[in-house]
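Visitor: this one's sequence-less:
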């Protein structure tokens, strides 16, 4: 019965992602903004809501066990970028393997991809350094957290400023199909677009929360600790919106939207959420956590290097998947 419930929530996430993506494309087209803004900001923040809620709920209103709450919070904060930079990207490659081949080219807009990865690496390296700052040095941790918040603010400003020139160069957001609610007879205007967007986002959050609940019930059967649960299993559920949205876009050859959805979420989750973790949890270099951070940084560096040196190929993303398999083998072995 539990696994049927998990399957039901998974199907809900898949349907919700289609509703959300469809509305988002029409919103971007109506506002005349670039695919980079639509993918890296709108889609990334919107679909990041489920995994953003998990650590916040764990830290502020979790169980009566503070240590367990902190483990779940830290694991969920760091597990999300790990999942996005490794498993999510490899699934994007797998989605177009038959269509484009192992040597097939992937063509996201390079300046936006570089900006996303540069800001993510800058912030996540600070999160790594913060693990070695004693918890008693509150002012140092506070300063690092503030810098990480400012990094995201600057990133948003630069992404928005780049939109106009990208639209002029042919990277405007274009809707690939009619809006779903208009097929039911509703007019296609900004209000209806926002209504469908909120409907899709609400279904995404509900589906992800239900999936998380089911996974948490199944975890004791598998004998997994709270930290490993939050690092490995919870992100699988909370990252499903990004995976599904990016797979839908990559199969439609909307590579900029597909990658921006993932790398933009990496920036969001690599700046604001670690800032909260640094401020409110011990944020110590435990083995599982430290290895996860290192694997995430290697995966992001790899993606940046291949994208800017010869261009991305489908097989390059499978290296990211291999890094995730390496992490699993190390922590479970």
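Guide: Arrived safely. None of the values given here were measured: they were computed from a predicted structure. Numbering: from 1, shown residues only.
Visitor: now for residue 154: which residues touch it?
Guide: Applying C-beta atoms under 8 Å, 6 or more residues apart in numbering to residue 154 gives the contacts residue 119. C-beta: built from backbone N, CA, C; applies to glycine.
Visitor: which stretches of the stretch 1-150 of the chain aren't confidently modelled?
Guide: Applying pLDDT under 70 to the stretch 1-150 of the chain flags the ranges 33-36, 38-40, 42-69, 136.
Visitor: please enumerate the strands of it.
Guide: 105-106 (DSSP state E, counting those that start in this stretch).
Visitor: before we move on, what about the stretch 151-300 of the chain?
Guide: Going by DSSP E, counting those that start in this stretch, the stretch 151-300 of the chain shows no strands.
Visitor: residue 122 - nearest residue in space that isn't next to it in sequence?
Guide: Nearest residue to residue 122, sequence neighbours excluded (C-beta to C-beta, 6 or more residues apart in numbering): residue 151, at 6.1 Å.
Visitor: wait, isn't the one you found in contact with residue 121?
Guide: No: the criterion here is C-beta atoms under 8 Å, and residue 151 misses it with residue 121 at 10.6 Å.
Visitor: buried set for whichever strand or helix holds residue 323?
Guide: Assessed by DSSP states H and E, residue 323 sits inside helix 314-332. For helix 314-332, a neighbour-count test (16 or more other C-beta atoms under 10 Å) marks 314, 316, 317, 318, 319, 320, 321, 323, 324, 327, 331 as buried.
Visitor: got the contact list for residue 247?
Guide: 91, 92, 95, 258.
Visitor: please report how far it lies from residue 71.
Guide: For residue 247, the distance to residue 71 equals 31 Å [C-beta to C-beta, to the nearest Å].
Visitor: so what's residue 230 scoring on pLDDT?
Guide: You'll see residue 230 listed with a pLDDT of 66.
Visitor: my error: substitute residue 182 in the last question.
Guide: For residue 182, pLDDT reads 84.
Visitor: number of nearby residues for it?
Guide: The number of residues packed near residue 182 is 15, by other C-beta atoms under 10 Å.
Visitor: mind listing what it touches?
Guide: Counted by C-beta under 8 Å, 6+ apart, residue 182 has contacts 188, 192.
Visitor: returning to what we had before: now, which of the contacts of residue 247 lie within helices?
Guide: Assigned to helices by DSSP state H, the following of the contacts of residue 247 qualify: 91, 92, 95, 258.
Visitor: still on that earlier bit, CSV please, covering the buried residues of helix 314-332 and showing pLDDT and distance to residue 77.
Guide: As requested, those are exported to CSV (pLDDT from 0 to 100; distance: C-beta to C-beta, whole Å):
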residue, pLDDT, distance to residue 77
314, 96, 30
316, 97, 27
317, 97, 24
318, 97, 26
319, 97, 25
320, 97, 20
321, 96, 22
323, 97, 19
324, 94, 17
327, 91, 16
331, 84, 17
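Visitor: of those, closest to residue 86?
Guide: Proximity of the buried residues of helix 314-332 to residue 86 (C-beta to C-beta) peaks at residue 324, which lies at 3.5 Å.
Visitor: my read: the closest one touches residue 292, true?
Guide: No: look at residue 324 against residue 292 with C-beta under 8 Å: they stay out of range, at 10.0 Å.
Visitor: so what sits against both of these two?
Guide: In contact with both residue 324 and residue 292: residue 82, using C-beta under 8 Å, 6+ apart.
Visitor: what's around the residue nearest to residue 299 when sequence neighbours are not counted, how many residues?
Guide: Once flanking residues are discounted, residue 299 sits nearest to residue 85: 4.0 Å by C-beta to C-beta, 6+ apart. As a burial measure, residue 85 scores 29 neighbours (other C-beta under 10 Å).
Visitor: quick check: residue 85 vs residue 251, distance?
Guide: From residue 85 to residue 251 the distance is 21 Å (C-beta to C-beta).
Visitor: likewise residue 138?
Guide: Remark: distance between residue 138 and residue 251 (C-beta to C-beta) = 48 Å.
Visitor: centroid-nearest residue for the protein?
Guide: By C-alpha atoms, centre = their mean, the mean C-alpha position of the chain lies nearest to residue 265, the distance being 3.9 Å.
Visitor: I'd like to check which residues are in contact with residue 315.
Guide: Applying C-beta under 8 Å, 6+ apart, we find residue 315 in contact with 93, 102, 103.
Visitor: and those residues, which is closest to residue 298?
Guide: Proximity of the contacts of residue 315 to residue 298 (C-beta to C-beta) peaks at residue 93, which lies at 17.1 Å.
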